[in-house]
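In: here you go, sequence then predicted model.
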Amino acid sequence: MPDTTNADEQTLIQAAQRGSLKAFNVLVLRYQDVLYSLTYRIMGDAPSASDATQEAFIAAYRQIKSYRGGSFRAWLLRIATNSSYDELRRRKRRPAIAFEDLAPSDSDDEPPVPDSAATPEQALQDRELNRAIQDCINGLVEDQRVTLVLSDIEGLSYQEIADHTNAQIGTVKSRLSRARASIRHCLQAVQELLPGAYRLMQ
């Protein structure tokens, strides 16, 4: 088939649905950072996020023929959310803590802090804030964590989150409200790191 590197998304999807692994791999390259960012925020550590992202793409490839249009990004995010849930359940069943879970949290595998051409001091402060936020997210119960990530990080609507999590919109709103309240309380310990206006604090 012709080169798919610069093909439009719909062409790639159709080729993947016909069995083209090459076309699907291009889609993987385009969305791997998006899915990894989601799974990292839900899982809270790089090894588990990598596992969940890999499982999500495997599942997406197997299910690609069932894709019937709409936002392909949202379709992938739904699969990645389910993969994260599955990985969280596997983690609960582990008899002992894996050695990699004990590694420092400042790994290069973490989602990068946005580059704002800041001074070294500001960059360090941004990194500390990013880590503090992730620690607070990790402290949420599973359903609240997923809801918060999908809303305040991925920007999904209430209806999209309800579709992703098989929950009623009222349940989504309730989980999000409780999650934001918990995050606000958690971040009181690092107020000096917070900018004047921060989305999760609203």
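Out: Structure's in. What do you need?
In: now Arg71: phi and psi?
Out: One thing to correct before we go on: residue 71 is Ser, not Arg. Ser71 adopts backbone torsions of phi -70, psi 110, taken as degrees, to the nearest 10.
In: can you list the buried residues in stretch 21-30?
Out: Ala23, Phe24, Asn25, Val26, Leu27, Val28 (16 or more other CB atoms under 10 Å). For every residue, glycine as well, the C-beta is placed using N, CA and C.
In: care to break the chain down by domain?
Out: 1-104, 118-197 (automatic domain parsing).
In: wait, which of the buried residues of stretch 21-30 is closest to Ser157?
Out: Closest approach between the buried residues of stretch 21-30 and Ser157, by CB to CB: Leu27, at 23.4 Å.
In: what sits against Gly44?
Out: Neighbour list for Gly44: Gln134, Ile137, Asn138 [criterion: CB atoms under 8 Å, 6 or more residues apart in numbering].
In: dump these to CSV, plus distance to Glu154, pLDDT and neighbour count.
Out: Compiled in CSV, these are given as follows (distance: CB to CB, whole Å; pLDDT from 0 to 100; neighbours: other CB atoms under 10 Å):
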residue, distance to Glu154, pLDDT, neighbour count
Gln134, 15, 86, 17
Ile137, 13, 89, 23
Asn138, 17, 89, 15
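In: tell me, what residue is most central in the protein?
Out: Centre of the chain computed as the mean C-alpha position; nearest residue by CA atoms, centre = their mean is Leu38, 0.5 Å away.
In: how close does Tyr67 get to Arg78?
Out: Using CB to CB, to the nearest Å, Tyr67 is found at 11 Å from Arg78.
In: my guess is Thr147 contacts Lys173. True?
Out: No - using CB atoms under 8 Å, Thr147 makes no contact with Lys173, being 9.1 Å away.
In: more neighbours: which of the two?
Out: Thr147 (28 against 16; other CB atoms under 10 Å).
In: give the buried residues for the helix or strand encompassing that one.
Out: In the assignment (DSSP states H and E), Thr147 maps to helix 142-148. Neighbour counts over helix 142-148 (16+ other CB under 10 Å) mark Asp143, Gln144, Arg145, Val146, Thr147, Leu148 as buried.
In: which strands and helices sit next to the helix or strand just after it?
Out: Following helix 142-148 in sequence order, the next helix or strand is helix 158-165 (DSSP H and E). In terms of contacts (3 or more CB pairs under 8 Å, 6 or more residues apart in numbering; DSSP states H and E), helix 158-165 is packed against helix 72-93, helix 142-148, helix 169-187.
In: point out where the protein drops to low pLDDT.
Out: Applying pLDDT under 70 to the chain flags the ranges 1-6, 91-119, 121-123, 125-126, 190-202.
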